[in-house]
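Trainee: Predicted model, plus sequence, below.
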Amino acid sequence: MEKITIGRIDKIDLPEFGLENIEAKIDTGANRSSIHCSKIEHKDFEGVDSIVFSIPLDGSGEENSFHSADFFKKKIKSSSGHVEERYIIKTTVVLFNKRFKTTFSLTDRTEMKYPILLGRKLLVGHFKVDVQLKDLSFKLKNTQK
C-alpha cells in the first residue's frame, strides 16, 4: 500500500463524537495519539462501564460531554519525562477521506497549541510526514465537496 503524505499539522474528523475539522499536530516523536479533554471520569453510563469526558470546543469555553465503553488505562511518559496513568479510548479518525481506527490517550493539553496529537501508532504504515506541508487532508476534503 502506498503511503499518503501528511504535513506537520492538519484538520481531522472524529465521527463517533460528531466532531469535524479539529486541528491536530502530527508528531512522529509521540508513540500514541492524544486528545485534549477535561472532566475525565470512570463511571457507569447508562448501565455500561465507561469513561465520560469533556472536549473543549474552539476556545469558546464551551465543552461537549462524550463517553466511551471501549477504553483501558496505561502509564504514559510525556515529552517532559513525567509518567502519568491515562485513560486510552479507541475511536475512528477521518483523514484524506479515509477512516482509521486508532487509540487516543485522554489528557489535559491546555498549555499546548493543538488539541490533538497524532502519534506513530496511527501514522506507521499509512503516512509519510513532510514537515514543510500542512492541511493536506483538509484541503482534499474541501475540494471534493
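Mentor: It's in. All values reported here derive from a predicted model rather than from experimental measurement. Numbering: from 1, shown residues only.

Trainee: Residue 9 pairs with what?
Mentor: residue 25 (DSSP bridges).

Trainee: what's the nearest residue to residue 66 if we skip its chain neighbours?
Mentor: Closest residue in space to residue 66, ignoring its immediate chain neighbours: residue 17 at 5.1 Å, by C-beta to C-beta, 6 or more residues apart in numbering. Using the backbone N, CA and C atoms, a C-beta is placed for each residue, glycine as well.

Trainee: Pull the number of nearby residues for residue 7.
Mentor: Neighbours of residue 7 under the rule other C-beta atoms under 10 Å: 18.

Trainee: Now do it, the pLDDT please.
Mentor: At residue 7, the pLDDT value in this model is 97.

Trainee: mind listing what's buried in stretch 6-26?
Mentor: Across stretch 6-26, burial judged by 16 or more other C-beta atoms under 10 Å covers 6-7, 9-14, 17, 19, 22-26.

Trainee: Of the residues you listed, which is the nearest to residue 69?
Mentor: Nearest to residue 69 among the buried residues of stretch 6-26 is residue 17, at 13.6 Å by C-beta to C-beta.

Trainee: List the contacts of that closest one.
Mentor: 55, 64, 66, 91 (C-beta atoms under 8 Å, 6 or more residues apart in numbering).

Trainee: mind running it again at 10 Å?
Mentor: For residue 17, the contact set (C-beta atoms under 10 Å, 6 or more residues apart in numbering) comprises 35, 53, 55, 64, 66-68, 89, 91-92.

Trainee: Weed out the non-buried ones from those.
Mentor: For these, buried by 16+ other C-beta under 10 Å: 35, 53, 55, 66-68, 89, 91.

Trainee: Could you provide the residues you listed in a markdown table, with additional columns for secondary structure, distance to residue 109 and pLDDT?
Mentor: Below are these laid out as a markdown table (DSSP: H, G, I helix; E, B strand; the rest coil; distance: C-beta to C-beta, whole Å; pLDDT from 0 to 100):
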| residue | secondary structure | distance to residue 109 | pLDDT |
| --- | --- | --- | --- |
| 35 | strand | 8 | 92 |
| 53 | strand | 13 | 90 |
| 55 | strand | 11 | 83 |
| 66 | strand | 16 | 88 |
| 67 | strand | 20 | 88 |
| 68 | strand | 18 | 90 |
| 89 | strand | 15 | 94 |
| 91 | strand | 16 | 94 |
